[in-house]
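>>> curious how this folds, go ahead:
(2 chains)
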Amino acid sequence: MYRLLACIALILATVTAMDRVLASALGDLLLRSSDRFMTVYRPFEAEAQPAINQGVKPGVKPPAGQEEQPNALLVKAALTTQPRPANGPATGSAAKPASGPADVLVLGNSRADNHFPVSALQDMTCGRALNLGMGGAPTVLSALLWDDYVERHGAPRLLVLEPTGLVDNPHDLADLPLLAYYSQRIDAFVRQENQELWMANHAFNLMTFNNNQTMRLIAGLVKPAADRTLVGAIPDPMKAQLAAAPEETMTADAANWQALDHIITNAQAQGTRVAVVITPYFPTYAGKLKNFDAFFADLKGRLPAGVTVIDARRAVDKDELFMDALHVNEDGVRAMFAAMEPDLRPLGSCPVDAMASLSGTGNTTH
Amino acid sequence: MSFTSLNFLLFITVFSAGFMALARTRAFTPFLLVASYIFYGYWDYRFCGLLALSTFIDFYCGLKIADSPNRSTKKMYLFISLGANLGMLFFFKYYNFFADSAEIALASLGVEIGRRTLDILLPVGISFYTFQNLSYGIDLYTGEVKEPERSLMRYATFVAFFPQLVAGPIVRARDLLPQIQQRPREIPFEERFAGLEKVIWGYFLKIGLADNAAVVVDARFHQPEFFNALQHVIGLVCFSLQIYGDFAGYSLIAIGLAQIFGYTMCENFARPYFATGMRDFWRRWHISLSTWFRDYLYVPMGGSRTRWLRIRNVVITMLISGLWHGANWTFVLWGAMHGGLMLVEDGARRLAAASPVRLSGPMLAAGRLVMIGLVFMVVTLTWLPFRADNLQTVWTILGIIGHGDFGLQQGNQQASTLIRVAVAGLIVLLVDMMVERGAGRRYAGTNVVARSMACSALILVMLLFGSFANHAFIYFQF
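Purely as a prediction, here's the structure:
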């Protein structure tokens, strides 16, 4: 029995040593992936690569009318000479990285992740975009990502916030635990929310990488990440099930409201324009949400002055443009962007002549 | 408590310390008994009462069967044992099922009897220890076991032996009882180490393969309408892997633990997805249950003495086997499908025997490969009713598969989980293939340090790809 115990000790020692070595190597390797979350934590020189065409699918023609758009990279180069708002502390900060922050940052849950391809955003805002939408992420997690991003890169010019994460469970960690390897803030949050997971991750560092996000990062090493726009159409059985589903009520936890307030207040304090963009819901599902209008009216009422609200909940209404109840597909994203263009484009940095033909009505500024 | 819980880690550490201190003393059997009851009672202490009652009845009946001077008295005590065991099993596991089914049947005839189901808690592992107890009484009656156990403590330890109590293997009294009577034997280090390897491999099957596959499977069976034909086919393949990893994993952990402590238990799985026919599949899948049914049901009913007896007995055995797995018509359907497939195979074998064509060499090898693939596909299809909560779900999924939409949807959030399943599945396939080709013996002769490194590598893969969401073992519900 003692020899067996010695073997168990040998196995444990080997596992512990290899765990440390492999986790460290994997951590460094993943940092080199093209994944958007790694952009937050990657050393600055790696970020100097322009991400302007990241995510454009090969062989996919841009929507009609966009061929004439000025090269966004050139626009960006021109715009970087423009002064930032006076109240933007990130401007000129000694800690500011050489490449600077993205011009447009997207935050939210999967509806942000899947609805805002950076290529489309860059075309529309003429600025470098970064989408930090995370599937299943409550607003609490978006606030952590916001703080980490601003701390490392400075504030973006425009923050696009998809607010549906308000109704997600504020204790869900989604794909966040992996990022704890790179961020003390997130590590502390994981410890607060799930002590058991935190202990396991610290006992065996490899467990920090044991999640779906790691797989996506590894895939990003092999093939640069494409836009995460969904392809496919909502199946008929799902439509029938949604039609037969009972009514639901949208509720948001206080922690998510506080996180939303924190993001917006902090962004505005740093001179970032904030656009709260409510993306489309499948009409049948929206009809099942008892307080659908009241919830978003309440949301709009809570937003501080200066926040632009783009309410695109009903911007897409054809069934074939949806992937499921909460997500539009590739064509739906195009339709959504076309509908939002008059409100979204003026928030970007495109030269005035590029917007001359647009009638910018419909948005609400609080 | 579950083998995959942290509590079990604590339990086994304390047990190991106790084992090292007490294994050679008279206090060991009481210690093992108490440990087993703590292990079992951790789910719900009330289960221990039922286990103790069942144990006492069979212990008493066993003594009476052995000591009774005439056959009729022996038979009476055998029937008491059978009645008590099957009665408890029926009440806890099947009462609601039959009451529900009767209610629906009568309602369809226009007779309303009102709701008759009871709020019954199903004791964990009741099917396993009931069958273990039944075999003891029957073996005493038939003379397979010559001497009854005269110590209640030893008999109770045999029934409650914690590694295999809740999900098997179903160990026969003639195999395990003598080992309990003699206390743990002194075994060579190599045997203990082989036990440790089984435990680690069992955990890999459970955490690496089964629990990852469970994520894919659960989503599809929770909302089948949301997935297309391709995704359901992937889901069914994943369930094939899940149930194998889950059950074979549990069995290996149980067998390995017992081996570490000096007890030998029968093999329960022998790479079933390498089976070349349904008969072969049942020689490799849940061996302790299939041999139990063979010895205590199929053969006593006449076995395959005539073709008619073969058909009747296969159908009855497989239907009861289905019902043993769960109180639901889906399990009955599963059993019926397996029974039907075995009879089809019988027919195919008769045709093949009459055929003048004989395969040999590469053709035979290719034929074996085709048969392995075919059996896997057929078995995978039969898992559909096994996994489905009700027959409606079975028809829904079959309808979707029949619809034929095999398009690959982009943005599938489970792609990452599928990669984990693929990684674990590939490792399991490679290892099983090597064992199937006889590499097990060569590996057993390898240096212990090298084997320790292999164990470490497996644990590292588990840390990186395993699912630690602590899913319960599927067979606990049986």
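>>> output the lowest mean pLDDT helix or strand found in chain B.
Taking mean pLDDT, DSSP states H and E as the measure, helix B:95-108 is the helix or strand of chain B with the lowest mean score, a mean of 81.
>>> now the next helix or strand after it: buried residues?
Under the assignment DSSP states H and E, the closest C-terminal helix or strand after helix B:95-108 is helix B:126-142. For helix B:126-142, burial by neighbour count (16 or more other CB atoms under 10 Å in any protein chain shown) applies to B:126-141. (Each C-beta comes from the backbone N, C-alpha and C, glycine too.)
>>> now swap in stretch A:308-323 and tell me
Across stretch A:308-323, burial judged by 16+ other CB under 10 Å covers A:308, A:309, A:310, A:311, A:312, A:313, A:315, A:316, A:321, A:322, A:323.
>>> do the same with stretch B:340-356
Residues B:341, B:342, B:343, B:345, B:346 are the ones in stretch B:340-356 that count as buried (16+ other CB under 10 Å).
>>> now those as CSV including secondary structure, distance to residue B:251 and pLDDT?
As requested, the buried residues of stretch B:340-356 are exported to CSV (DSSP: H, G, I helix; E, B strand; the rest coil; distance: CB to CB, whole Å; pLDDT from 0 to 100):
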residue, secondary structure, distance to residue B:251, pLDDT
B:341, helix, 23, 94
B:342, helix, 23, 94
B:343, helix, 28, 94
B:345, helix, 25, 93
B:346, helix, 28, 91
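>>> between the residues you listed, which is closest to chain A?
Nearest to chain A among the buried residues of stretch B:340-356, counting by CB to the nearest CB, is residue B:341 at 29.8 Å.
>>> so which strand or helix has residue A:120?
Secondary structure from DSSP H and E places residue A:120 in helix A:118-125.
>>> after the helix or strand hosting residue B:244, which helix or strand is next?
Using DSSP H and E, residue B:244 sits in helix B:229-260. Remark: after helix B:229-260, the chain's next helix or strand is helix B:278-284, criterion DSSP H and E.
>>> list the buried residues of the helix or strand following that following helix.
Going down the chain from helix B:278-284, the next helix or strand is helix B:287-293, by DSSP H and E. Under the neighbour-count criterion of 16+ other CB under 10 Å, helix B:287-293 has B:287, B:288, B:289, B:290, B:291, B:292, B:293 buried.
>>> wait, what's in contact with the last one?
What it means is residue B:293. Neighbouring residues of residue B:293 by CB atoms under 8 Å, 6 or more residues apart in numbering or on different chains: B:317, B:320, B:321.
>>> okay, now the last one: neighbour count?
Okay, so that is residue B:321. Under the neighbour criterion other CB atoms under 10 Å in any protein chain shown, residue B:321 is assigned a count of 23.
>>> related to what we said a few turns ago, of the buried residues of stretch A:308-323, which is the nearest to chain B?
Closest approach to chain B among those (CB to the nearest CB): residue A:323, at 6.9 Å.
>>> tell me who's in contact with that closest one.
Contacts of residue A:323 (CB under 8 Å, 6+ apart): A:114, A:230, A:231, A:232, A:233, A:234, A:329, A:332, B:411.
>>> now for chain A: which helix has the highest residue count?
Assignment by DSSP state H gives helix A:2-31 as the longest helix of chain A.
>>> what average pLDDT does that one get?
What helix A:2-31 shows for mean pLDDT is 90.
>>> now stretch B:301-319
91.
>>> may I see the buried residues of that stretch?
Neighbour-count burial for stretch B:301-319 flags B:310, B:313, B:314, B:315, B:316, B:317, B:318, B:319 (criterion: 16+ other CB under 10 Å).
>>> CA atoms of that stretch as PDB?
The C-alpha coordinates for stretch B:301-319 follow below in PDB (Å, rounded to 0.1, in the frame of the first residue of the first chain):
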ATOM      1  CA  MET B 301     -37.300 -20.200 -18.800                       C
ATOM      2  CA  GLY B 302     -35.900 -22.800 -21.200                       C
ATOM      3  CA  GLY B 303     -33.100 -20.800 -22.800                       C
ATOM      4  CA  SER B 304     -32.800 -21.500 -26.600                       C
ATOM      5  CA  ARG B 305     -33.600 -25.200 -26.500                       C
ATOM      6  CA  THR B 306     -36.000 -24.700 -29.400                       C
ATOM      7  CA  ARG B 307     -36.400 -21.900 -31.900                       C
ATOM      8  CA  TRP B 308     -39.800 -20.900 -30.400                       C
ATOM      9  CA  LEU B 309     -38.400 -20.900 -26.900                       C
ATOM     10  CA  ARG B 310     -35.500 -18.700 -28.100                       C
ATOM     11  CA  ILE B 311     -37.900 -16.200 -29.600                       C
ATOM     12  CA  ARG B 312     -40.100 -16.100 -26.600                       C
ATOM     13  CA  ASN B 313     -37.300 -16.000 -24.000                       C
ATOM     14  CA  VAL B 314     -35.300 -13.300 -25.800                       C
ATOM     15  CA  VAL B 315     -38.400 -11.100 -26.100                       C
ATOM     16  CA  ILE B 316     -39.400 -11.600 -22.500                       C
ATOM     17  CA  THR B 317     -35.800 -11.100 -21.200                       C
ATOM     18  CA  MET B 318     -35.200  -8.000 -23.200                       C
ATOM     19  CA  LEU B 319     -38.600  -6.400 -22.200                       C
END
